[in-house]
Every structure is written in structure tokens, then in C-alpha cells.
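Visitor: quick one: sequence and predicted model below, then my questions.
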Amino acid sequence: MSRGLNKAMIIGNVGNVEVRYGSSGDAIATLSIATSENWKDKQSGEKRERVEWHRVVIYGKLAEIVEKYVNKGTKLYIEGSIRTNKWTDNQGQDRYTTEIIARDMQMLDSRGSGAQEEKPAEKGRMPESGLGEDDIPF
């Protein structure tokens, strides 16, 4: 039996950012990221755009970096795998959510470019996790 491949790669702008901590104390970040595609309508000649929103979940140290440095509008490269979760709603209907579980993230905005607002409490601060500037994955 051959193994499959489950890999997602997106580049887009962050919509919402939410970071919470699980019972074990590990950070969990949930992001919505918009990607878009542009084309010219062959019949009308008009430019068209389609925006797709992706739910992205990030765990652990990478989620802590999200908490400190990622804001609405930040441009990110995300790499991970796709997962679909199933649950039953209050009316007994099966519901599904598809999300990308991120394994790698790179911030594509240059620091200080003004493309994103810095979080007020974090201006000019490096992570307190003991990581040096060369250890930060962006």
C-alpha cells in the first residue's frame, strides 16, 4: 500500500487572529487567512477576483510567535496539512470544518514596513522564550 500526501501551502493576508492556551499550557493559534485569484472575464473583459478564506490552526512555540507578531493584515506563508473535523450541532445535524494544521510559517512583511501594526505591548521586544534573533523562524 502506498502512502498519500497531505500538504497545503498558502500565501495570504490574515483576517482574524485568536490565541488561547490549552489545559497543558500550550498555545493554540487560530487564524483566518485570505488568498485570492485574479483573472479577466473572457466574455466581458472585466477583471475578476475570487477570495478564499482558510482556517489555519497553529500549535506550540509557533503559536506563541503568532501571538506576539501576527496581526490582521499580516502577509504569511503557511505550510501544513489539511484536516476535516466532524461534529453534531444542537439540531442533530452533522457539521464539518476543514482547516490547515500549520507546521511552518513565514512572515512575508518586512519589519517596520508599516504593512502591519505592531502590538503596543510588543514594540521593539524580542521573544522572551530564550530564543535569539537568529533562532526566530522568520
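Guide: Sure thing, it's come through.
Visitor: shaky segments in this structure?
Guide: Within the chain, the stretches with pLDDT under 70 are 111-138.
Visitor: if we go to 50?
Guide: 112-138 (pLDDT under 50).
Visitor: how about the helices in it?
Guide: Listed in chain order, the helices of the chain (DSSP state H) span 61-69.
Visitor: measure residue 18 to residue 104 for me?
Guide: For residue 18, the distance to residue 104 equals 20 Å [C-beta to C-beta, to the nearest Å]. Where you see a C-beta, it was placed from the backbone N, CA and C, and this is true even at glycine.
Visitor: what does residue 22 give?
Guide: Separation of residue 22 from residue 104 (C-beta to C-beta): 21 Å.
Visitor: again with residue 32
Guide: 18 Å.
Visitor: for the residue sitting furthest away from the middle of the chain, grab phi and psi.
Guide: Residue farthest from the centre of the chain, counting by C-alpha atoms, centre = their mean, is residue 43 at 35.4 Å. The phi and psi values for residue 43, taken as degrees, to the nearest 10, are phi -80, psi -50.
Visitor: so how many other residues sit close to the closest residue to residue 37 other than its chain neighbours?
Guide: Closest residue in space to residue 37, ignoring its immediate chain neighbours: residue 50 at 5.4 Å, by C-beta to C-beta, 6 or more residues apart in numbering. For residue 50, the count of nearby residues is 9 (other C-beta atoms under 10 Å).
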